[in-house]
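Novice: heads up, no residue letters with this:
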C-alpha cells in the first residue's frame, strides 16, 4: 500500500513539474519587459515624403525594436509597443520582387547611410506612452 502511495505521489510531482515547465516555455520572450512606448510618425527626405521602404527602430545592444512599412504619404506606425530607451533608426528599402513576379523593383530615394540600423546616424528615444517620431532627412 505504501509503495502505491509513493508511486502516486511521485506521479503527481512529475505531473506538476511537467505543467510548470510547459508554462514557462509558453512565455513570449519577444514581449518587452518593463515600461513601453508606441511610436508613429512621418519620414521625409529633402522635404518630400518617403513612400518606399520601412522604418526600423533597433536598440543598439539587444538588437530588439520594431519596424513598419512606410505609407503612401510617408507615415508609419510601429505595430507593437517597444521598451523605453534609445534606438538607432534606419529606413531600409523594400525587398526586391521575386523573379517570377515580373515587377520592377522599387528603389528608395534615401542614401545608403540611412538604410542600415547598425550604421544609423539617426537616433530616437522612446518614452513611456505614445511617441511621435517625425524624421526630416537631408
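Specialist: Alright, I've got the coordinates. The model shown is predicted, which means the values in this text are computed figures rather than measured ones. Numbering: from 1, shown residues only.
Novice: can I assume residue 40 is in contact with residue 82?
Specialist: No - Residue 40 is not in contact with residue 82 according to C-beta atoms under 8 Å; the separation is 11.9 Å. C-betas here are computed from N, CA, C, even on glycine.
Novice: out of the two, which sits in the more crowded spot?
Specialist: residue 82 (20 against 15; other C-beta atoms under 10 Å).
Novice: Look up which residues are beta-bridged to the more buried one.
Specialist: residue 37 (DSSP bridges).
Novice: ok, it - contacts?
Specialist: Contacts for residue 82 (C-beta atoms under 8 Å, 6 or more residues apart in numbering) come out as 32, 36, 37, 38, 39, 57, 64, 65, 66, 126.
Novice: Apply 10 Å and report the result again.
Specialist: 32, 36-39, 57-59, 64-66, 126, 131 (C-beta atoms under 10 Å, 6 or more residues apart in numbering).
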